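> Structure, please.
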Amino acid sequence: MKIGRILPILVCALTSAIGAIGQSAASPVTTALQTSITGMLGTNNVQDVTLTGTVTAIAGSDDENGTFTFRATSTGSSRIDLGLSSATRSETRLLANGMPSGQWSNGTAVTALAQHNLFTGLFWPFPAYTLQTLLNDPTMTVTFVGQEGSLLHLAASGQQAGVTPTAASLHQALTQIDFWLDSTTFLPAQMLFNVHPDSNATLNIPVLVEFSNYQMIDGITTATHVQKYINNTLTLDIQVQSLATNSGLNAATFTLQ
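The predicted structure is shown next:
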């Protein structure tokens, strides 16, 4: 990860974390990410994770209750299944040989996700994997935006070399992720990214995810209340009830039939 401009206020906000970890050459932004990840995963080597719980799906004035399952691997695959009264909804992302692909299903038909919608939102119910990706991806630049109340606002975007300025600008926009960490615990409070219509990669539809009620489950600290807003409207309200790790998820899990 390349580290962008660091404001003095971030240095002050991260003093306690740096003291806890020990002085090193790591920048305050790197320290913040590492502290947040450690706060969620501890020293556990979490190769895959499965979250299960309940969900309320909101569409206009209609609410549907059902079950929620999220599965993901640290190597870049994820799957969400919603078991609602009207239908089963699923969405998968799979990284194979360095190439991302994705599918979604309404229970009757399987459709490929547009390529320009594969850059963000991969791990949105489980922010530890999102932050790990930002920390380990050398093409991502993370900068400190500022302190907003009790939250630290950071922004990340991808850099693409060897392409035209127009293509590089589009890639940067498609990979943009903003996130807010609690300034005391460094646990993620919010994440913001954009999705786009299949036919228009430049039209942004904002997706805001809010994380709250962190609990330790089987040695992992995770948000047990996750709310997803699309275009400023609450669409999913999730209550996480169980968490399992390292269950041996394989590629077949992330392919819809």
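> Output the lowest mean pLDDT helix or strand found in this protein.
helix 15-21 (a mean of 41; mean pLDDT, DSSP states H and E).
> quick one: the helices in the stretch 1-150 of the chain?
Taking DSSP state H, counting those that start in this stretch as the test, the helices found in the stretch 1-150 of the chain are 8-13, 15-21, 28-41, 127-136.
> least reliable of the ones you listed going by mean pLDDT?
Mean pLDDT across the helices of the stretch 1-150 of the chain is lowest at helix 15-21; the value there is a mean of 41.
> List the contacts of residue 123.
72, 78, 129-130, 133 (C-beta atoms under 8 Å, 6 or more residues apart in numbering). (Glycine included, C-beta is placed from N, CA and C.)
> can you tell me the helix or strand for the residue lying closest to residue 56 once chain neighbours are set aside?
With sequence-adjacent residues excluded and distances taken as C-beta to C-beta, 6 or more residues apart in numbering, residue 56 is closest to residue 237, at 4.4 Å. Here residue 237 sits within strand 233-245, counting by DSSP states H and E.
> Report pLDDT for the residue lying closest to residue 257 once chain neighbours are set aside.
Once flanking residues are discounted, residue 257 sits nearest to residue 110: 7.2 Å by C-beta to C-beta, 6+ apart. In this prediction, residue 110 carries a pLDDT score of 94.
> Can you get me a residue count around residue 110?
14 (other C-beta atoms under 10 Å).
> related to what we said a few turns ago, just how off-centre is the strand holding residue 237 within its chain?
13 Å (C-alpha atoms, centre = their mean, to the nearest Å).
> Kindly report the same for stretch 51-70.
19 Å.
> List of residues touching that stretch?
Contacts of stretch 51-70 (C-beta under 8 Å, 6+ apart): 49-50, 71, 78-86, 89, 125-126, 222, 224, 233-243.
> Generate the PyMOL command that creates a selection of the buried members of those residues.
Buried residues among those (16 or more other C-beta atoms under 10 Å), as a PyMOL selection:
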select buried, resi 49+50+71+78+79+80+81+82+83+84+89+125+126+222+224+236+237+238+240+243
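> what's the most centrally placed residue in the chain in contact with, if anything?
Ranked by distance to the mean C-alpha position of the chain (C-alpha atoms, centre = their mean), the top residue is residue 124 at 3.3 Å. Counting by C-beta under 8 Å, 6+ apart, residue 124 makes contact with 130, 191, 193, 207, 209, 228.
> so which of those residues would you say is closest to residue 201?
residue 193 (13.8 Å; C-beta to C-beta).
> Distance of the closest residue to residue 116 other than its chain neighbours relative to residue 45?
Among residues not flanking residue 116 along the chain, residue 201 sits closest, at 3.9 Å (C-beta to C-beta, 6+ apart). Using C-beta to C-beta, to the nearest Å, residue 201 is found at 36 Å from residue 45.
> Please say which of those two ends up with more neighbours.
residue 201 (17 against 8).
> my guess is the more buried one contacts residue 118, does it?
No - with contact defined as C-beta atoms under 8 Å, residue 201 does not reach residue 118; the gap is 11.1 Å.
> I'd say residue 118 and residue 104 touch.
No - look at residue 118 against residue 104 with C-beta under 8 Å: they stay out of range, at 11.6 Å.
> returning to that earlier point: show me what contacts the residue nearest to residue 257?
103-104, 256-257.
> Please convert those to JSON lines, extending it with distance to residue 248.
JSON lines is the format used below for those (distance: C-beta to C-beta, whole Å):
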{"residue": "103", "distance to residue 248": "22"}
{"residue": "104", "distance to residue 248": "25"}
{"residue": "256", "distance to residue 248": "20"}
{"residue": "257", "distance to residue 248": "20"}
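> Count the residues that sit near residue 101.
Neighbour count for residue 101, taken as other C-beta under 10 Å: 16.
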